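1. Need a 3D model of the sequence below.
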Amino acid sequence: MNIKEQLRLIPELPGSYQYYDKDNTIIYVGKAKNLKRRVSSYFNKKHDSVKLQVMVPQIERIEFIITNSEIEALILESHLIKKYKPKYNVLLKDDKKFPYFLITKEDYPRILVTRKKNKNLEEGKYFGPYTNAKSMYTTLDLLKKLFPLKQCKTPKFKDRPCIYYQIGRCMAPCQKLISSEEYKKLIKNVELFLSGKQMQLVDELKSMMEKYAENQEYEKAAKYRDSYFDVLKTIEKQKVVYENTNINQDIISVSVDDYIGGISLLQIRDGRLINKKDFEISKSDYDCEDEIISYFIKEYYLMSGDDDIPTEIIFSSKINSEDKKMFEEWLSSKKGSKVTINPGKNKRNDDILELALKNSNYHLEELKVHSLQELQNNYNEAGSYIQEKLGLSNFPHVVECFDISHIQGTNTVASMVSFYNGMPKKSEYKRFKIKSVPDGKPDDFQSMKEVVTRRYSRLLKEGKPFPDLIIIDGGKGQLSSAVEILEKLGIKNQNIVSLAKRIEEVFIPHNSQSVIFPINSPALFFFQRIRDEAHRFAITFHRQLREKSATHSELDDIQGLYKKNKKILIEKYSSVAKIAKLTREELMLLLSKNQASLVYNYFNTQSLKNKKE
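-> Numbering: from 1, shown residues only. Predicted structure coming up:
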């Protein structure tokens, strides 16, 4: 059954849809309020999205599951994404490893760390997920100090408490030394702490301390007193974001580049910043930030415990009103109280969004460094794949990549970066001023011809080895220009390709079909990394030339005039026109006789030339 026939069978009902490729593998999972309208839209129009341009031709089969509502479809979609991990869905990387706190469902509950969350919550109450295991175990140690909960699943001794009771880390419920009612109050305090409701917890602890003190139960009062001051110390370390202690928010920020993405989530509870969670996005091709945010909200809050959902969620990008309403309805139902979503900056949340952005930018830089280290460690595998996929004659140990940069043809420059075994070797970087293209008349093909000629004619002349692979940033035209020059130089069998950014296609000489590396593959990451580095290096050089042109003055044309003296003259007289009218004696008040004569003679000569003309 072809796609058109499959589309006819899809109903106009809410549900989740799944796309399969020729290998019967799910490549995308989505949800829709109207399945027929949503699925048909993939095949009835030309797409601007790079992802859809690549994905849609691969769809061989469509399946769908009907649900009662769009919210049910949303939850089902998230479950299917987790289960099948389709390559064209934006996913949190390795989210299965995030741990949770579990307060067990027993007569006397314990607090445990678990990495598997029971879907029907029969095991107990979950808090999390926690993206930083070290921070989580620090919190666990603090909890055991603040609240002497049951430590053992079964009693170690029949007739006496264990050492945990003796050191004050357990109230020995196994020996009935604490009542069930008293223990439940302890559990309630733990839940308040894990939910970020520290101010409410402080009030609760103070109330219990005073109650036991009035009843002259001083030992119990002392325990609550110690917990009270320990919680106060913890709160003092937390940054105050709002004076209003009723504000509970999650602030979400996304930072991405062409090949990796990071998300930072700031948790604000009782007006205080209590935690930061960082996530890596495993997909390298993003359509837009609101798509990432949408997927993140579904995945993260599906994993979250109900008490971890705030009353307000803020993020920088806009989403359509239907999605906003759906997310609010779903999260409010999950939490059991109203949850509002406020996308986009405004006067009230501008500062906190700025803070979240700083965190996500820093996290992105960390991820990039980590990815580079992974690439370096695994380059043998990535290089072998590149060699096989592109049919290279050599393993790509040494790779050189070229990029052209200009603004409307002015100050045209080229860069060449060199990578050795997957890592940049900056001592081999080169940059070129393009001489064969008139200023103001852009010609990328001619520019590429010039730079390739200059680079490889010099290597021939010096008898130096050629790289194992040359990468040209651009499409078929730039590649043809480079190949033409190599052939003129008599260079044969040189491995050379180009990388077109539109859908990350790799073009091979004399071959009409492009090569597309799998999304998230180390090979594609390497090509993107070296292309972006060449672009960065070219842009930096181009910017330097522009700045130099912008600050150039006629004083720079005076041979022998010292830079410091140019600065003295400009600071004193502010313009070259005023300096040109100065006498030799006036110049000598600021400069030496020799330097003053250089300036005076230059402008005097220029004045005589202008009169003759």
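
2. now what about stretch 383-400, what contacts it?
-> 416-422, 455, 465, 467-471, 493, 495, 497, 506, 508, 515, 517, 521-523, 526, 530 (C-beta atoms under 8 Å, 6 or more residues apart in numbering). To be clear about C-beta, it is placed using only N, CA and C from the backbone, and glycine gets the same treatment.

3. swap the cut-off to 6 Å and go again
-> The contact list for stretch 383-400, computed with C-beta atoms under 6 Å, 6 or more residues apart in numbering, reads 416, 418-421, 467-470, 495, 523.

4. Narrow those to those that are buried.
-> 416, 418-419, 467-470, 495, 523 (16 or more other C-beta atoms under 10 Å).

5. low-confidence ranges in the stretch 251-400 of the chain?
-> Scanning the stretch 251-400 of the chain for pLDDT under 70 picks out 258-259, 282-287, 346-348, 372, 375-376.

6. Dump whichever strand or helix holds residue 480 to CSV, restricted to CA.
-> Secondary structure from DSSP states H and E places residue 480 in helix 476-488. This file holds the C-alpha atoms of helix 476-488, laid out as CSV (Å, rounded to 0.1, in the frame of the first residue of the first chain):
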residue,chain,number,x,y,z
LYS,A,476,29.0,21.5,-6.4
GLY,A,477,30.1,24.8,-7.9
GLN,A,478,32.9,25.5,-5.4
LEU,A,479,34.0,21.8,-5.6
SER,A,480,34.2,22.0,-9.4
SER,A,481,36.3,25.2,-9.1
ALA,A,482,38.8,23.5,-6.7
VAL,A,483,39.0,20.3,-8.8
GLU,A,484,39.7,22.3,-12.0
ILE,A,485,42.7,24.0,-10.3
LEU,A,486,44.1,20.7,-8.9
GLU,A,487,43.9,19.2,-12.4
LYS,A,488,45.7,22.2,-13.9
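
7. buried residues in that helix?
-> 476, 478-483, 485-486.

8. could I get the residues you listed as JSON lines with pLDDT and distance to residue 9?
-> Listed next are the buried residues of helix 476-488 as JSON lines, based on pLDDT from 0 to 100; distance: C-beta to C-beta, whole Å:
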{"residue": "476", "pLDDT": "86", "distance to residue 9": "41"}
{"residue": "478", "pLDDT": "87", "distance to residue 9": "46"}
{"residue": "479", "pLDDT": "90", "distance to residue 9": "44"}
{"residue": "480", "pLDDT": "90", "distance to residue 9": "47"}
{"residue": "481", "pLDDT": "89", "distance to residue 9": "50"}
{"residue": "482", "pLDDT": "91", "distance to residue 9": "50"}
{"residue": "483", "pLDDT": "91", "distance to residue 9": "49"}
{"residue": "485", "pLDDT": "91", "distance to residue 9": "56"}
{"residue": "486", "pLDDT": "92", "distance to residue 9": "54"}
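
9. Just put those in TSV and tack on distance to residue 318.
-> As requested, the buried residues of helix 476-488 are exported to TSV (distance: C-beta to C-beta, whole Å):
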residue	distance to residue 318
476	37
478	37
479	39
480	42
481	42
482	42
483	45
485	48
486	49
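
10. quick check, nearest of these to residue 10?
-> residue 476 (38.5 Å; C-beta to C-beta).

11. pretty sure the closest one is in contact with residue 506, am I right?
-> No - the criterion here is C-beta atoms under 6 Å, and residue 476 misses it with residue 506 at 11.2 Å.

12. quick revisit: tell me which two in the contacts of stretch 383-400 are the farthest apart.
-> Farthest pair in the contacts of stretch 383-400, by C-beta to C-beta: 416 and 523, 21.1 Å.

13. Sort out for me which of the contacts of stretch 383-400 are in helices.
-> Under the assignment DSSP state H, these contribute residue 523 to helices.

14. which ones are touching the nearest residue to residue 17 once chain neighbours are set aside?
-> Nearest residue to residue 17 in three dimensions, chain neighbours excluded: residue 64, at 4.5 Å (C-beta to C-beta, 6 or more residues apart in numbering). Listed by C-beta under 6 Å, 6+ apart, the contact set of residue 64 reads 15, 17, 35.

15. if I look at the last one, how far off is residue 72?
-> Yep, that's residue 35 we're talking about. According to C-beta to C-beta, to the nearest Å, residue 35 stands 13 Å off from residue 72.

16. Settle it for me: which of the two has more neighbours?
-> Remark: of residue 35 and residue 72, residue 35 carries more neighbours, 24 against 17, as counted by other C-beta atoms under 10 Å.

17. residues contacting the more buried one?
-> Residues near residue 35 by C-beta under 6 Å, 6+ apart: 10, 13, 15, 64.

18. out of these, who's nearest residue 24?
-> Using C-beta to C-beta, the contacts of residue 35 come closest to residue 24 at residue 64, 16.1 Å.

19. Could I get the buried residue list for stretch 114-133?
-> 117, 123-131.

20. swap in stretch 381-394?
-> Here stretch 381-394 shows 382-383, 385-387, 389-390, 392 as buried, counting by 16+ other C-beta under 10 Å.

21. Quick check: helices, which of those are part of them?
-> 382-383, 385-387, 389-390.

22. ok, residues contacting stretch 177-185?
-> 108, 171, 173.

23. Now a PyMOL select for only the buried ones of those residues.
-> The PyMOL command for the buried members of the contacts of stretch 177-185 (criterion: 16+ other C-beta under 10 Å) is given here:
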select buried, resi 108+171+173
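
24. Report the lowest-confidence entry in the contacts of stretch 177-185.
-> Ranked by pLDDT, those bottom out at residue 171 (75).

25. what's that residue in contact with, if anything?
-> Per C-beta under 6 Å, 6+ apart, neighbours of residue 171: 148, 178.

26. Which of the three states applies to it?
-> Using DSSP: H, G, I helix; E, B strand; the rest coil, the structure places residue 171 in coil.

27. which phi and psi does it have?
-> phi -100, psi 10 (degrees, to the nearest 10).

28. Which helix or strand contains the residue nearest to residue 17?
-> Here residue 64 is assigned to strand 61-66, by DSSP H and E.

29. Repeat that for residue 332.
-> Taking DSSP H and E as the definition, one finds residue 332 inside helix 321-335.

30. Residue 313 too?
-> strand 312-315.

31. Pull up the pairing partners for that strand, direction included.
-> strand 249-256 (parallel), strand 340-343 (parallel) (DSSP bridges).

32. winner for burial among these?
-> Among the strands paired with strand 312-315, strand 249-256 has the highest mean neighbour count (mean count of other C-beta atoms under 10 Å), at a mean of 23.

33. Just the CA trace of the helix or strand hosting residue 28, in PDB.
-> For residue 28, the element it lies in under DSSP H and E is strand 26-32. Only the C-alpha atoms of strand 26-32 are listed here, as PDB (Å, rounded to 0.1, in the frame of the first residue of the first chain):
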ATOM      1  CA  ILE A  26      10.400   3.900  13.300                       C
ATOM      2  CA  ILE A  27      12.100   7.200  12.300                       C
ATOM      3  CA  TYR A  28       9.600   9.700  13.800                       C
ATOM      4  CA  VAL A  29       6.800   9.800  16.300                       C
ATOM      5  CA  GLY A  30       4.300  12.700  16.500                       C
ATOM      6  CA  LYS A  31       0.900  13.600  18.000                       C
ATOM      7  CA  ALA A  32      -2.000  15.500  16.600                       C
END
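
34. Also compute the angle for that strand relative to helix 321-335, please.
-> 90 degrees (axes from the mean of the first three to the mean of the last three C-alpha atoms, to 10 degrees).
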